[in-house]
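**Student:** the amino acid sequence is not available; the structure is as follows:
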């Protein structure tokens, strides 16, 4: 995955520097980066995965992953928040590429400026997409009424369309997981102002309370039985979510390497007669270790994203590949930032330190699906088979 040059990217160096200059402010003040969103929207960033036929830029997932890595080098929380919109447009594109037009309307609305967010995560639901603690009650006209509590709703201050799912138990013998979209103006939706965290503060991933919020029949787009499903919707969500998440944390990793190099050249050793730490063998080892860890990530993301774009027939191997790239990216980025901190010295713990902020932001990678336990279970099942009942 070659780095995008300013000439290739939607984000030129001037815009990247501007976004980087704002990141510390939004982190310190715990505010959503409306200014970043405005500038990124102006260059077409939210339309990247929308095909040209629907009014978008027609980029593939591999290109978008590179763009997200570049953005995350400047403002990881901005990139993480926008990921959620990009994932939904990516899901719609995955479905369309495979002959399913059920979310073409989403692509068209994204091209018109609507902002899409995820209202799927729930506290205590370690089955993620395979079950829900939110009630989805069917209405006579085919719509559904959703009641529940969703956490980690990135883009909370600005989304206009919220993807949700819940469990329909109206037939106890055949429960269904119902996927639908809610409009911002729908009664029964409350976004709590409860996002005050250690990491990824500007993402403003607040809790969303659904109290009988109604999705009309036209916005109910999937009904699936609980449990793992071969439905392309589930593949589309996992593929786009895991790959774009890996891209964001790889951006953190890339920036940490850059900062480590800068620090090694800037810092000097009194013990060594004023020579830069870049000449010290221990520091050189730490910078090299960070570089080695980082360099493995971009090619993996590029290859897997291209496979999604090109409809590669990985079959059951898709899910181990997807959870693997997410875990490798988030865990490697954490180790890279740790080495960069060691190179930079005590100044990195200052509240104004960019590297200190990256150290906090990279911790959030531990908690995104798939987490380490789930990912290892998925890969173990692929390699060893399931544990007998």
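**Tutor:** Perfect, thanks for sending it. A quick note: this is a predicted structure, and the numbers were derived from the prediction, not measured. Numbers count the residues shown, from 1 in each chain.
**Student:** now the most centrally placed residue in the chain: which helix or strand?
**Tutor:** By Cα atoms, centre = their mean, the chain has its centre lying nearest to residue 245, at 3.7 Å. Per DSSP states H and E: residue 245 is located in helix 232-266.
**Student:** residue 292 too?
**Tutor:** Assigned by DSSP H and E, residue 292 falls in helix 281-295.
**Student:** residue 235 against residue 316, yeah?
**Tutor:** No - counting by Cβ atoms under 8 Å, residue 235 does not reach residue 316; the two are 11.0 Å apart. (Glycine included, C-beta is placed from N, CA and C.)
**Student:** in its sheet, what does the helix or strand that the helix holding residue 245 is followed by sit against?
**Tutor:** Following helix 232-266 in sequence order, the next helix or strand is strand 268-269 (DSSP H and E). Sheet pairing for strand 268-269, assigned by DSSP bridges, gives strand 275-276 (antiparallel).
**Student:** tell me the mean pLDDT for the strand it pairs with?
**Tutor:** Mean pLDDT, strand 275-276: 92.
**Student:** what's it in contact with?
**Tutor:** 264, 265, 266, 267, 268, 269 (Cβ atoms under 8 Å, 6 or more residues apart in numbering).
**Student:** if we can go back for a sec, give the other helices and strands that the next helix or strand after the helix holding residue 292 contacts.
**Tutor:** The first helix or strand that comes after helix 281-295 along the chain, using DSSP H and E, is helix 297-309. The contact analysis (3 or more Cβ pairs under 8 Å, 6 or more residues apart in numbering; DSSP states H and E) places helix 297-309 against helix 61-74, helix 232-266, helix 318-344.
**Student:** try 10 Å
**Tutor:** helix 61-74, helix 76-97, helix 232-266, helix 318-344 (3 or more Cβ pairs under 10 Å, 6 or more residues apart in numbering; DSSP states H and E).
**Student:** now for the first one, which elements pack on it?
**Tutor:** Of the remaining helices and strands, those touching helix 61-74 by 3+ Cβ pairs under 10 Å, 6+ apart are helix 13-29, helix 34-42, helix 76-97, helix 232-266, helix 297-309, helix 354-363.
**Student:** so which of those is the most surrounded?
**Tutor:** For the helices and strands packed on helix 61-74, the largest average neighbour count (mean count of other Cβ atoms under 10 Å) is found in helix 76-97, namely a mean of 26.
**Student:** just want the angle from the helix or strand just after that one to helix 76-97.
**Tutor:** Downstream of helix 76-97, the next assigned helix or strand under DSSP H and E is helix 104-111. Orientation check (axes from the mean of the first three to the mean of the last three Cα atoms, to 10 degrees): helix 104-111 against helix 76-97 gives 140 degrees.
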